[in-house]
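Q: Got a sequence here, can you model it:
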Amino acid sequence: MDSIPLPWAQAILKYSLTATASTPPPWVSTTEGADLGNPNDPGKDPRFRRLVEAILFSRRFLTSYNVVLVVVLIVFSAWHWSEKVVLANRRRRRRGRRRAADGRRRKRDGDEAWSSSSSTIEGTVTPPDAIKSKNVDSADETTPLIISSSSRRRPLGLRKPYFVLKSWLQYQPQPIPVINKTLPPNSISLLVLSFLSLNIFYNVYNMPLSLQYVFVFADRCGILFVANLPILYLLAAKTQPIKFLTGYSYESLNIFHRRAGELLCLEALLHFLGMVMVWYGLLRHLGFTLAHFLFNRVVVLGLGAFIAYEVLYFTSLGSFRQRWYEIFLALHIVLQCAGLVLLWFHHHTSRPYVGISLAIFIVDRLLFRLLLKRSSHPATLTILEDDETVLLSANWDTAPSSTTLVSKSMKQGWKPNDHVFLTIPSLSHKYNLQAHPFTIFSAAPPADSDTQSAPSHAFFTLLIRAQSPSGFTHNLLTHARTHQKTQIRLDGPYGSSHALDILSSSSTAIVVAGGSGIAVAYPLLWALLAPDTKTSSNPTSTTDLEVGSSSSSSSSSSSSSPPQTHLRNVKLLWITHSTSHHAWLPSDKMIELQSWGLELLIPEPTSLVGRPDVQTILNSWTENESGSGGTGVVVSGPDGLVRDVRNTCAGLIRRGSDIQVQVEKFGW
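A: Have a look, this model is predicted:
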């Protein structure tokens with residue numbers, strides 16, 4: 001870089017702060033035959049001209065980056081909605097067959113009253129009499145659940161490459177050795193690598209490989225940083241259009257949010273190092289000391305933004321987040337606001353992107369989370385048998401939604417598998433500003449409650465296990481020892497219906513829960529199996545998960561209306577660490593689900609016999625798959641369990657099974 005004439009160094013730096021993608025510098029000569037060899041005139045130096053042209057090209061070229069991302073989003077949206085149509089058609093055909101079967105059964109039985117203990121599932125289920133004769137927790141892996149018969153799958157033929165590819169996409173590799181880093185399934189890794197490859201392409205395309213162009217490279221890294229800002233904030237927003245377009249809520253997209261954040265930190269680092277090299281190669285020869293360079297107004301603002309986003313990244317790492325979650329929450333809000341403000345004043349080209357990012361943040365954080373989706377309720381705290389888990393319960397009359405254009409709050413109810421952010425101001429002053437996410441444990445209120453003239457009643461329950469000794473959950477456990485009542489604030493609901501869509505459109509619905517993953521499983525199972533609440537005279541008793549609720553209330557609820565014919569097998573594998581964890585879901589609720597047709601398997605606790613053979617269990621449950629709906633599998637639990645279920649299903653897919661898998665993370 002020392003070979004570059006120094007008189008035009010200041011000119012190129014000044015131009016970089018004012019240039020746009022479409023406006024060339026007025027002092028660059030374009031006259032044919034002009035003297036371009038004068039080193040003392042920047043406008044006539046050919047090397048300077050090439051630098052300016054490279055900067056202009058970068059800024060024109062990077063305007064297409066967000067267009068490419070929009071095209072990719074459109075492709076995934078089309079994929080999602082076509083899948084949604086297919087699943088809806090499956091459910092419609094299934095409902096038609098169920099109504100026809102119910103009609104034939106009523107005609108055959110002469111419209112006689114149904115016994116509340118009758119099996120309501122077509123196929124082999126655990127007999128209700130057998131359920132009553134033994135405790136549900138006594139089942140183990142050796143308990144026969146289905147009548148075994150040989151699986152008869154057609155030869156794959158020309159479809160084999162499709163199933164091999166689908167299996168590979170579903171497969172989840174083992175964790176990275178030494179650092180024990182959990183890897184996502186191959187499909188997610190492929191998407192992440194594609195996103196990173198796209199950014200590498202935009203970093204290096206048509207970039208001259210010469211030290212004198214290091215400023216151009218640093219400038220391009222800076223523009224690519226701000227071009228990714230709206231993506232970063234959009235993926236983090238709790239209320240955002242990506243859920244409507246692709247069907248995936250923000251928690252499913254969190255892995256892309258984290259990778260985008262890491263990419264931005266790398267781009268910011270490259271931008272900073274590139275500008276330091278510009279100082280070293282050019283500006284220090286003009287008398288710019290390092291201190292003079294770093295304390296320049298533009299550089300100070302950029303350096304402040306760089307530090308804010310780097311600290312934001314390091315405090316977002318899992319090791320930090322799990323130990324100091326409250327500090328992570330506070331810094332996440334403060335640092336991202338500071339970073340946006342500093343970027344706004346750092347460089348004018350960043351302002352459109354910063355403005356969009358700030359708008360996403362304000363609309364999500366202030367309009368939705370603080371105003372539209374927040375509600376307060378009195379709640380009851382109960383410590384469960386293991387003395388480490390708190391059951392938080394509340395109930396209220398649901399209110400009808402005023403409009404379908406605005407996301408509903410918890411006052412209007414929720415859907416199966418939704419989650420909320422919980423705030424309990426009474427714990428301490430610092431918790432008044434903290435919101436912690438939890439999966440809703442109780443069944444969702446009737447889906448049509450917002451159209452009823454009389455409001456329905458919602459029974460709300462959270463299963464909260466104490467974690468860090470100095471964290472929110474442990475303080476809540478301590479508080480529950482002396483206080484049974486408290487006031488709570490709820491921000492939500494949030495989540496996606498994708499898991500329920502897969503299960504409800506499948507011939508065989510399998511839910512695998514590990515430990516407190518039962519909080520994900522129970523609402524899904526209740527939605528799949530419960531009798532139609534429109535005809536039930538006492539639907540609320542089936543949704544209340546209060547400890548000590550009598551089994552007689554459940555029986556009266558299930559006997560109040562004829563059971564429906566479910567043309568699917570519904571199965572639950574619940575793996576627990578200790579026998580005391582079985583109390584998380586009252587036995588009468590489990591018996592109620594079984595009376596509706598649930599096939600249940602609760603192996604011996606892992607603390608006594610180790611982890612069960614999940615692969616053998618899933619193979620036995622899917623070997624008799626029948627019907628056009630295939631098998632839907634939803635798993636919620638530790639990373640090891642999730643990987644076992646994914647890879648078992650990947651092996652079945654490779655052999656031609658029609659299986660769809662959805663992972664629901666309950667550990668935040």
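Q: any low-confidence regions in the stretch 51-200 of the chain?
A: Scanning the stretch 51-200 of the chain for pLDDT under 70 picks out 97-99, 101-155.
Q: where along it do the helices fall?
A: 65-109, 128-133, 160-170, 186-204 (DSSP state H, counting those that start in this stretch).
Q: quick one: which of the ones you listed is nearest Ser376?
A: helix 65-109 (34.7 Å; CB to CB). Quick note: C-beta positions are derived from backbone N, CA and C, even for glycine.
Q: So what angle separates the directions of that closest one and helix 186-204?
A: 160 degrees (axes from the mean of the first three to the mean of the last three CA atoms, to 10 degrees).
Q: Packing partners of helix 65-109?
A: Under the contact criterion of 3 or more CB pairs under 8 Å, 6 or more residues apart in numbering; DSSP states H and E, helix 65-109 touches helix 186-204, helix 214-236, helix 241-246, helix 498-504.
Q: For Pro161, which of those is the nearest?
A: helix 186-204 (15.7 Å).
Q: And the closest one, how far out from the chain middle?
A: Remark: helix 186-204 is offset 20 Å from the chain centroid, using CA atoms, centre = their mean, to the nearest Å.
Q: Downstream of the helix or strand of the chain with the lowest mean pLDDT, the next helix or strand is which one?
A: When the helices and strands of the chain are compared on mean pLDDT, DSSP states H and E, helix 551-558 comes out lowest with a mean of 35. Using DSSP states H and E, the helix or strand that follows helix 551-558 in sequence is strand 569-575.
Q: Which strands or helices does that next one pack on?
A: Packing partners of strand 569-575 (3+ CB pairs under 8 Å, 6+ apart): strand 508-514, helix 518-529, strand 598-601, helix 614-622.
Q: any residues touching it, and which ones?
A: Here strand 569-575 makes contact (CB atoms under 8 Å, 6 or more residues apart in numbering) with 121, 123, 125, 145-146, 503, 507-515, 518, 521, 525, 528-529, 593, 597-603, 606, 611-612, 614, 617-618, 621, 637, 641.
Q: what about that strand, distance to the chain center?
A: Taking mean C-alpha positions (CA atoms, centre = their mean), strand 569-575 and its chain are 23 Å apart.
Q: before we move on, what about stretch 58-73?
A: How far stretch 58-73 lies from its chain's middle: 25 Å, per CA atoms, centre = their mean.
Q: Now the terminal residues of that stretch, how far apart.
A: By CA to CA, to the nearest Å, the extent of stretch 58-73 from end to end equals 24 Å.
Q: Same check on stretch 488-504?
A: First-to-last residue span, stretch 488-504, CA to CA: 33 Å.
Q: hmm, back to that, mean neighbour count and distance to Trp79 added to the helices and strands packed on strand 569-575, as TSV?
A: Below are those laid out as TSV (neighbours: other CB atoms under 10 Å; distance: least, CB to CB, whole Å):
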stretch	mean neighbour count	distance to Trp79
strand 508-514	27	23
helix 518-529	25	24
strand 598-601	23	32
helix 614-622	19	25
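Q: Looking at those, which is nearest to Phe163?
A: helix 614-622 (14.4 Å).
Q: So what touches that closest one?
A: Outside helix 614-622, the residues that reach it (CB under 8 Å, 6+ apart) are 141, 145-146, 148, 508, 510, 512, 571, 573, 575, 601, 631, 633, 641, 644-645, 648-649, 651-652, 657, 659.
Q: Just the buried ones from those residues, in PyMOL syntax?
A: Buried residues among these (16 or more other CB atoms under 10 Å), as a PyMOL selection:
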select buried, resi 141+145+146+508+510+512+571+573+575+601+631+633+641+644+645+648+649+651+652+657+659
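Q: hang on, the earlier thing: how about a markdown table for the helices of the stretch 51-200 of the chain, with mean neighbour count added?
A: Below are these laid out as a markdown table (neighbours: other CB atoms under 10 Å):
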| stretch | mean neighbour count |
| --- | --- |
| helix 65-109 | 13 |
| helix 128-133 | 14 |
| helix 160-170 | 15 |
| helix 186-204 | 15 |
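Q: Could you verify that Ile362 is part of a helix?
A: Yes: according to DSSP: H, G, I helix; E, B strand; the rest coil, Ile362 belongs to a helix.
Q: number of nearby residues for it?
A: 11 (other CB atoms under 10 Å).
Q: and the gap between it and Tyr313?
A: 22 Å (CB to CB, to the nearest Å).
Q: and Phe306, which of the helices and strands packed on strand 569-575 is closest to it?
A: Using CB to CB, those put helix 518-529 closest to Phe306, at 39.4 Å.
Q: and that closest one, what other elements does it pack with?
A: strand 436-439, strand 457-465, helix 498-504, strand 508-514, strand 569-575, helix 587-595, strand 631-636.
Q: can you put these in JSON lines and add mean pLDDT?
A: As requested, these are exported to JSON lines (pLDDT from 0 to 100):
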{"stretch": "strand 436-439", "mean pLDDT": "90"}
{"stretch": "strand 457-465", "mean pLDDT": "90"}
{"stretch": "helix 498-504", "mean pLDDT": "89"}
{"stretch": "strand 508-514", "mean pLDDT": "93"}
{"stretch": "strand 569-575", "mean pLDDT": "93"}
{"stretch": "helix 587-595", "mean pLDDT": "90"}
{"stretch": "strand 631-636", "mean pLDDT": "93"}
